[in-house]
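>>> Provided below are the primary sequence and the corresponding predicted coordinates.
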Amino acid sequence: MMDGLPELVCGCDGGRDHVPLKPVEKAVEIAVGMVQPLTAVEDVAVHKARGRVLARSLRAGRPMPLFDNSAMDGFAVAFSDFAGEGPWHLPVAGTIAAGAAALVLTAGTALRIFTGAPVPAGSDAVVMQEKCDDRGDTVLIHVRPRRGDNIRRAGEDIASGDLLVSAGTMLGGRHVGLLAGNGHGHIPVVRRPRIAVLSTGDELGEEGASIHDANRPMLLALCEGLGAEMTDLGICPDDMDRMTDIFLTSAGRFDLILTSGAASVGGRDFVRPALLAAGGTVEAWRVALKPGKPVFFGRIAGTLVTGLPGNPLSAYVGFQLFVARQIGAMLGLGGPSARPETAVAGVGWERRPGRTEYLPGQVVGRTESGLPIVEPLGHGSSAALMPLSLGDGVIVLAADSMHVARGDVIDWMPFCRKDLSWKIT
Ligand SMILES: Nc1nc2c(c(=O)[nH]1)N[C@H]1C(S)=C(S)[C@@H](COP(=O)(O)OP(=O)(O)OC[C@H]3O[C@@H](n4cnc5c(N)ncnc54)[C@H](O)[C@@H]3O)O[C@H]1N2
Ligand code: MOO
């Protein structure tokens, strides 16, 4: 409770005697606006670059293909040898394999050629093997080729100097292939965000404690999934001095410190007070979000501090809405946030308006037009991760909505489930 503050009325369930809850969009704006994009660059081997953000635009050092080459296994021929009526019978003067030096085609002959091999000077078409009778020393060709058949011309995909990948691209395997294929062995990427994670609470522990620590492993895993370099600061007991010391010794060492728990209004909710005592600032606290209301955004000596609530589902939603976007902003990834997809409610229910709600849900069927029909899972506890774990995604409800009717079109953020194809690019 913040003594001395006048009663503020904000139309949400922030309660009496309290700072009003910020709308989710405003809170995202504040959280992301506090981020300074990382400027340090490091070189990595191209095969290690998936998930990293390219720091400088990279151009083609050479054309692709580098030389005229065959698109098929077959015979390199000269169009001028196909006068009159076919079939045409030509002696085979040799073989060119991929990686071999380019040969010269003598008029009136053919050269056996394999896919990717350099097209010999004097040849202007490759006839694919299936259209020939290969007789060893000679070849019988039934159909007159057209000039240029089955020849991949030098530079037809990429000219020397063409832009390959722009700065600021989060690299996928497809970019890695393109860059490696063009001879980029090492590439400049934005350094990884350095993030420290800690949990708070006397009740937490690994073995023998009354509550297993769910949030710290979950947040470490989520941040690592976005390419951050993680430091595990362990569990801080409910002790304001210990928490203040942690802020004092960690300030400036990380881009972001992520705490969970002790963010709300109880007597033991000491994380914000400790941050202030250590010389930090709190830019915003409490959001019209369910779950995740007590989240706060602060800073100390150039290190951002995002305080997530202790309830595990609240911590998860806070990570997705705020922390993932802060990490994106550190990496220089601009652009709009992920838009929810559309689904249809399979059941109806009443709700209390005031906070934007993120509710684990499952797909129970499809409408005739193919939209997923979804139903909420669990009983709305922000302490329970089971519905999230079982769910197919998260239902998103606007702060002012009072009920959902069966058949209503609703916002839906689907998770990636079993089918991984096309999900990792
Ligand atoms: N009087 C009020 N009480 C509460 C309010 C409020 O506005 N007024 N807000 C509620 C909301 S909403 C939330 S969310 C919780 C969050 O509070 P805290 O961030 O202070 O979290 P704690 O009290 O430390 O913990 C809450 C709950 O979560 C468990 N927990 C904490 N850390 C972990 C962890 N790492 N792994 C697993 N579980 C964890 C903890 O044991 C508690 O059960 O406050 C409401 N109260
Ligand atoms: O907002 Mo709390 O995060 O409802 O549980």
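Nice, thanks for sending it over. Residues are numbered from 1 along each chain as shown. Ligands and ions are numbered 1, 2, ... in the order given.
>>> Stretch 227-237 near ligand 1 at all?
No. Contact of stretch 227-237 with ligand 1 is not found when judged by C-beta under 6 Å from any ligand atom; the minimum separation is 7.6 Å. Every residue, glycine included, has its C-beta placed from N, CA and C.
>>> Quick check: buried residues in that stretch?
The neighbour-count check on stretch 227-237 (16 or more other C-beta atoms under 10 Å) flags Gly227, Ala228, Met230, Thr231, Leu233, Ile235, Cys236 as buried.
>>> who touches that stretch?
Contacts to stretch 227-237, defined as C-beta atoms under 8 Å, 6 or more residues apart in numbering, come from residues 51-52, 192-202, 204-205, 213, 216, 220, 223-224, 242-243, 246, 250, 254, 257, 259, 327, 331.
>>> likewise stretch 238-245?
When contacts are defined by C-beta under 8 Å, 6+ apart, stretch 238-245 is touched by residues Thr200, Gly201, Asp202, Cys236, Ala262, Arg268, Phe270, Val271, Pro273, Ala274, Ala277, Ala278.
>>> Identify the farthest-apart pair in these.
In the contacts of stretch 238-245, the most distant members under the criterion C-beta to C-beta are Asp202 and Ala278, with 20.6 Å between them.
>>> These two: which has the busier surroundings?
The residue with more neighbours, out of Asp202 and Ala278, is Ala278; 19 against 14, by other C-beta atoms under 10 Å.
>>> List the contacts of that one.
Taking C-beta under 8 Å, 6+ apart, one finds Thr244, Phe247, Leu248, Ala251, Ile300 in contact with Ala278.
>>> and if you look at Ala107?
Here Ala107 is in contact with Ala78, Ser80, Asp81, Gly122 (C-beta under 8 Å, 6+ apart).
>>> try 6 Å
Residues counted as contacts of Ala107 (C-beta atoms under 6 Å, 6 or more residues apart in numbering): none.
>>> Can I take it that it is in a helix?
No. Using DSSP: H, G, I helix; E, B strand; the rest coil, the assignment for Ala107 is coil, not a helix.
>>> still on that earlier bit, so which of the contacts of Ala278 sit within helices?
If you go by DSSP state H, the contacts of Ala278 have Thr244, Phe247, Leu248 in helices.
>>> Now do the same for Ala221: helix, strand or coil?
Secondary structure for Ala221, judged by three-state DSSP, is helix.
>>> and it, how many neighbours?
A total of 11 residues lie near Ala221 under the criterion other C-beta under 10 Å.
>>> before we move on, what about Leu371?
For Leu371, the count of nearby residues is 16 (other C-beta under 10 Å).
>>> Surely it and Val344 touch.
Yes. If you go by C-beta atoms under 6 Å, Leu371 and Val344 touch, sitting 5.2 Å apart.
>>> circling back to that earlier point, quick check, nearest of the buried residues of stretch 227-237 to ligand 1?
Nearest to ligand 1, judged by C-beta to the nearest ligand atom, of the buried residues of stretch 227-237 is Ile235 at 7.6 Å.
>>> Confirm the closest one sits in a strand?
Yes. Per three-state DSSP, Ile235 lies within a strand segment.
>>> Leu179 should be in a strand, yeah?
No. Under three-state DSSP, Leu179 falls outside any strand and is assigned helix.
>>> Specify the local secondary structure of Glu283.
Three-state assignment for Glu283 (three-state DSSP): strand.
>>> Which residue comes closest to it once chain neighbours are left out?
Excluding the flanking residues, the one nearest Glu283 by C-beta to C-beta, 6 or more residues apart in numbering is Phe297, at 5.0 Å.
>>> again, but for Asp68
Once flanking residues are discounted, Asp68 sits nearest to Val119: 4.4 Å by C-beta to C-beta, 6+ apart.
>>> residues near that neighbour, how many?
Under the neighbour criterion other C-beta under 10 Å, Val119 is assigned a count of 26.
>>> what does Ile96 give?
22.
>>> got it, and Ala55?
The local packing of Ala55 (other C-beta under 10 Å) involves 21 other residues.
>>> Please apply the same query to Ser123.
Residues near Ser123, counting by other C-beta under 10 Å, number 26.
>>> Surely Pro91 is within a strand?
Yes. Counting by three-state DSSP, Pro91 falls inside a strand.
>>> right, and it touches Thr138 too?
Yes. Contact criterion C-beta under 6 Å: Pro91 and Thr138 qualify, at 5.4 Å.
>>> The chain: helices as residue ranges?
According to DSSP H, the helices that the chain contains are 24-33, 173-181, 215-225, 240-250, 271-277, 312-318, 324-330, 386-390.
>>> Quick one, which of the contacts of Ala278 are buried?
Thr244, Phe247, Ala251, Ile300.
>>> Mind putting those residues into CSV with distance to Gly148?
Formatted as CSV, those follow (distance: C-beta to C-beta, whole Å):
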residue, distance to Gly148
Thr244, 75
Phe247, 69
Ala251, 66
Ile300, 66
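>>> is it possible to export these to CSV including pLDDT and distance to ligand 1?
Shown next, in CSV, are the buried ones among the contacts of Ala278 (pLDDT from 0 to 100; distance: C-beta to the nearest ligand atom, whole Å):
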residue, pLDDT, distance to ligand 1
Thr244, 98, 17
Phe247, 98, 17
Ala251, 97, 22
Ile300, 98, 19
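>>> Give me the sheet partners of the lengthiest strand in the chain and which way each runs.
With secondary structure taken from DSSP state E, the chain has its longest strand at strand 356-366. Strand 356-366 sits in its sheet next to strand 289-290 (parallel), strand 372-376 (antiparallel), strand 393-397 (antiparallel), going by DSSP bridges.
>>> can you put the buried ones among the contacts of Ala278 in TSV and add distance to ligand 2?
Listed next are the buried ones among the contacts of Ala278 as TSV, based on distance: C-beta to the nearest ligand atom, whole Å:
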residue	distance to ligand 2
Thr244	25
Phe247	23
Ala251	27
Ile300	24
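>>> near ligand 1, which residues of the stretch 151-300 of the chain show up?
Within the stretch 151-300 of the chain, the positions near ligand 1 by C-beta under 6 Å from any ligand atom are 199, 201, 203-204, 211, 213-216, 260-266, 269, 291, 293-294.
>>> close enough to count as contact, Leu258 and Val197?
Yes. Under the criterion of C-beta under 6 Å, Leu258 makes contact with Val197 at 4.8 Å.
>>> Can you check which residues contact both of these two?
Counting by C-beta under 6 Å, 6+ apart, the residues touching both Leu258 and Val197 are Leu219.
>>> residue contacts, the residue of the chain found nearest ligand 1?
Residue nearest to ligand 1 within the chain: Gly310 (2.5 Å; C-beta to the nearest ligand atom). By C-beta under 6 Å, 6+ apart, the contact list for Gly310 reads Ser260, Gly261.
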